[in-house]
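Coordinates for the following, if possible.
(chains A and B)
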Number of protein chains: 2
Amino acid sequence: MELKLEDVDDLCTGAAFLGAGGGGDPYIGGLMIKEELRAGRRIEIVDPDTLDDDALVIPTAMMGAPTVLLEKIPSGEEAIRALQTVEKALGRKATATMPTEVGGINSTIPLFVGARLGIPVVDGDGQGRAFPEIQMETFAIEGVAGTPMAIADEKGDYALIQTEDHHRMEWIARGITIRMGGTAYWSAYPMDGTQVRRASVKHTLTLARKIGHIIRTARSRKQDPFEELETFIATTSYGKAKRIFSGKIVDLERQTKQGFTMGTVKIAPDDGQGAPCTISFQNENLCAKSNETLLAIVPDIISILDAETAVPITNETLRFGQRVVVMAVGVPPIMQSPAALKQFGPEAFGMLETYVPLNG
Amino acid sequence: MELKLEDVDDLCTGAAFLGAGGGGDPYIGGLMIKEELRAGRRIEIVDPDTLDDDALVIPTAMMGAPTVLLEKIPSGEEAIRALQTVEKALGRKATATMPTEVGGINSTIPLFVGARLGIPVVDGDGQGRAFPEIQMETFAIEGVAGTPMAIADEKGDYALIQTEDHHRMEWIARGITIRMGGTAYWSAYPMDGTQVRRASVKHTLTLARKIGHIIRTARSRKQDPFEELETFIATTSYGKAKRIFSGKIVDLERQTKQGFTMGTVKIAPDDGQGAPCTISFQNENLCAKSNETLLAIVPDIISILDAETAVPITNETLRFGQRVVVMAVGVPPIMQSPAALKQFGPEAFGMLETYVPLNG
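Residues are numbered from 1 along each chain as shown, chains lettered A, B, ... in the order given. Take a look at the predicted model:
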């Protein structure tokens, strides 16, 4: 399936929705691939179920702090260099690339790479949403080796990392990302077709596009976008979507540190009465609480949406006074296994709360 | 020339002397190569002037904080892995290795690698002493490319760095070193024979051995080791050695931070009268002052020696109450050029003092 120019904005909006506040600015991601399509390059999206068993799929992505991304915009060459460094280490050319997560820019980086290198992009990813760390991948859970991993910056510098430990891959790569200025572009988890089918969350580019379409068109169809999102998501493997809070942002604490955008946002209820909702984030929203009541927690998706348009607001663009609706979304079964929860459940973030799945 | 077991301690002592307080613990370095020699392996030291023009010399070294080295002792395999990673990137085997600096462990890491891989070790290095950062190399000043650079740890993890900027090579490698636990082993600046001859400080392994011999034997020959050192060094390309202070350590501030051992040591004069001497260090001693009078400054070598034995005391083993003699040593002409001073003169360390060479 070829990606059309008119679908780009929907894909970016939906990816930001599934990105849970992280995954990078969708506007920048959209610009990058619209430019490619306007220049006449093609972006081919392939179903993982149609991949040859011996395909070589090399995922590509951005890592670092989305706050930095706003100021240090990529040319796209960084991710290509990362992928080519992995190719060189393997002694073989990629037959496709794919996203490592769903997110405003991390869904589009592989599309850019695919357009430039003339290779297709697999419709799926390794997180089914966005998570802040690169070992938080269904690829890792399903036994795919992370390295050779390459990481590249806008200056033309790059590094190739070798380790058998997914957490150390993240730890070392994050150290490099910090020294590269807070954002960098990476390629890792090379897979064959069989591995992609077993280890990925499938069809998430298509899902993102459909979600973005609902958000863009609901009002003009005289529908409530929040209701439509809830109804539509109930028909997907994500199961359940639910508005958990609505109100106005009354406090925001946000820092760029340790290679992440870290912070907390506080939302006062619409009626001015009752307890506010507090959402903590490490790039992505991790936990939403109100008055010590748990509203939602990782791995479930917590997205903050504009109260009027339902357009997702990524955490680097949260502002005091915004009127928002907070929506929680369940995750597919592959992301709820004990191994998955160990990799990206509350405990993986040092939180003491127990995971209460929305899809209970 | 083959390195004999009985020369190892002298070499390590002399290397620590030229190491200016840094370069890593000479005891650990000595143990590592004595073990190799006792196991029957050979260590061949070759004169750079006899290298084939098309030799492939790949230097090896440790980097990080010498304070950490004391607790995280290398197996030696780390440096071998680093060298082999550079070999793989170049698609060619090293015909020799060599030190990047003179220092207690950094003179012996290449000897270990040479013993294990059965390749000779070039008698020379890239700093003519020890400096804390890896762009502070005569190799860099003379236009040798730093990368491919490899960096490896004791867990079997490693990374290959590519950049055209020597400072960024240091910056990124230091970030990795910190994440690897504060010490790591590296290989970079691959050179042919012609480059080694042009870009290295020659014959520093031999020089270190001779200095160590003086320190070990002077007393038994009823000579003053400090006087003998001054006399001997006057016959070498280093020109001048001079006692600049003697006294007792009365204050010591030392931290492990940013991948270095940083601090200041204060020495009160023997007579208890007069101003103390203060020496600042970043791994290596950078500047010695007394009462705002500059006694010595980089790139000249400042070494703190035991007042009785003249054995050099590396900065991670400085202790309150030690009686010491501080000796300053000039550096060879290759290390005093404007380009060299830019790379490792006072300004390179953010110091405002003007370099007043001991060899004025």
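
Quick check: bridge partners of A:V121?
Beta-bridge pairing for A:V121 (DSSP bridges): A:I45, A:T97.

That one contacts A:T97, doesn't it?
Yes: under the criterion of Cβ atoms under 8 Å, A:V121 makes contact with A:T97 at 5.7 Å. Any C-beta I mention is one placed from the backbone N, CA and C, and that applies to glycine too.

check whether whichever strand or helix holds A:D251 contacts chain B.
Using DSSP states H and E, A:D251 sits within strand A:241-257. No: on the criterion Cβ under 8 Å from any Cβ of the partner chain, strand A:241-257 is out of touch with chain B, staying 14.9 Å away.

Which elements pack onto the helix or strand just after that strand?
Using DSSP H and E, the helix or strand that follows strand A:241-257 towards the C-terminus is strand A:260-269. In terms of contacts (3 or more Cβ pairs under 8 Å, 6 or more residues apart in numbering or on different chains; DSSP states H and E), strand A:260-269 is packed against strand A:241-257, strand A:277-282.

Strand A:260-269: which residues count as buried?
For strand A:260-269, the neighbour count (16 or more other Cβ atoms under 10 Å in any protein chain shown) marks A:260-263, A:265-268 as buried.

Which of these sits closest to chain B?
When the buried residues of strand A:260-269 are ranked by distance to chain B (Cβ to the nearest Cβ), A:F260 comes first, at 14.9 Å.

Domain map for chain A?
A:2-202, A:236-348 (the TED database).

Out of these, which one sits most buried?
domain A:2-202 (a mean of 23; mean count of other Cβ atoms under 10 Å in any protein chain shown).

re earlier: find residues that contact each of A:V121 and A:T97.
Residues touching both A:V121 and A:T97 by Cβ atoms under 8 Å, 6 or more residues apart in numbering or on different chains: A:110, A:113-114.

Name the nearest of those relative to B:C277.
Closest approach to B:C277 among these (Cβ to Cβ): A:V113, at 58.7 Å.

State whether that closest one is indeed within a strand.
No: going by DSSP: H, G, I helix; E, B strand; the rest coil, the assignment for A:V113 is helix, not a strand.

List the contacts of the residue of the stretch 251-360 of chain A found nearest chain B.
Closest residue of the stretch 251-360 of chain A to chain B, Cβ to the nearest Cβ: A:G259 (10.3 Å). By Cβ under 8 Å, 6+ apart, A:G259 lies in contact with A:63-65, A:174-175, A:177-178, A:182.

and the gap between it and B:A55?
41 Å (Cβ to Cβ, to the nearest Å).

can you check A:G30 too?
Distance of A:G30 to B:A55, given as Cβ to Cβ: 53 Å.

Near chain B, which residues of the stretch 51-200 of chain A? Just list them.
A:155-165, A:168, A:171-172, A:174-176, A:178-180.

go with 7 Å
A:157-163, A:168, A:171-172, A:175-176, A:178-179 (Cβ under 7 Å from any Cβ of the partner chain).

C-terminal to the lowest-mean-pLDDT helix or strand in chain A, which secondary structure element comes first?
Using mean pLDDT, DSSP states H and E, the weakest-scoring helix or strand in chain A turns out to be helix A:66-69, at a mean of 91. Using DSSP H and E, the helix or strand that follows helix A:66-69 in sequence is helix A:77-90.

and that next one with helix B:77-90, angle?
100 degrees (axes from the mean of the first three to the mean of the last three Cα atoms, to 10 degrees).

Can you tell me which helices and strands helix A:77-90 packs against?
strand A:60-64, helix A:109-117, strand A:149-152, strand A:158-162, strand A:183-187 (3 or more Cβ pairs under 7 Å, 6 or more residues apart in numbering or on different chains; DSSP states H and E).

Of the ones you listed, give the one that comes closest to A:L294.
The minimum distance between A:L294 and the helices and strands packed on helix A:77-90 falls on strand A:60-64, with 28.6 Å, by Cβ to Cβ.

Name every sheet partner of the closest one and say whether each one runs parallel or antiparallel.
strand A:183-187 (antiparallel).

Find the nearest non-adjacent residue to A:V326, please.
Spatial nearest neighbour of A:V326, chain neighbours left out: A:F245 (4.2 Å); criterion: Cβ to Cβ, 6 or more residues apart in numbering or on different chains.

so who does that neighbour touch?
Counting by Cβ atoms under 7 Å, 6 or more residues apart in numbering or on different chains, A:F245 makes contact with A:267, A:277, A:288, A:290, A:295, A:326.

For the second one, which residues count as its bridge partners?
Taking DSSP bridges, one obtains A:I267, A:S290 as the residues bridged to A:C277.

so it touches A:N291, yeah?
No: taking contacts as Cβ atoms under 7 Å, A:C277 lies outside contact range of A:N291: 8.9 Å.

What are the boundaries of the strands in the stretch 201-350 of chain A?
A:201-202, A:241-257, A:260-269, A:277-282, A:284-290, A:293-297, A:301-306, A:323-329 (DSSP state E, counting those that start in this stretch).

Make a markdown table from those strands and add mean pLDDT and distance to B:V86 to it.
Converted to a markdown table, the strands of the stretch 201-350 of chain A look like this (pLDDT from 0 to 100; distance: least, Cβ to Cβ, whole Å):
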| stretch | mean pLDDT | distance to B:V86 |
| --- | --- | --- |
| strand A:201-202 | 97 | 38 |
| strand A:241-257 | 96 | 34 |
| strand A:260-269 | 97 | 32 |
| strand A:277-282 | 98 | 36 |
| strand A:284-290 | 98 | 38 |
| strand A:293-297 | 97 | 46 |
| strand A:301-306 | 98 | 44 |
| strand A:323-329 | 98 | 47 |
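
Cool, thanks, talk later.
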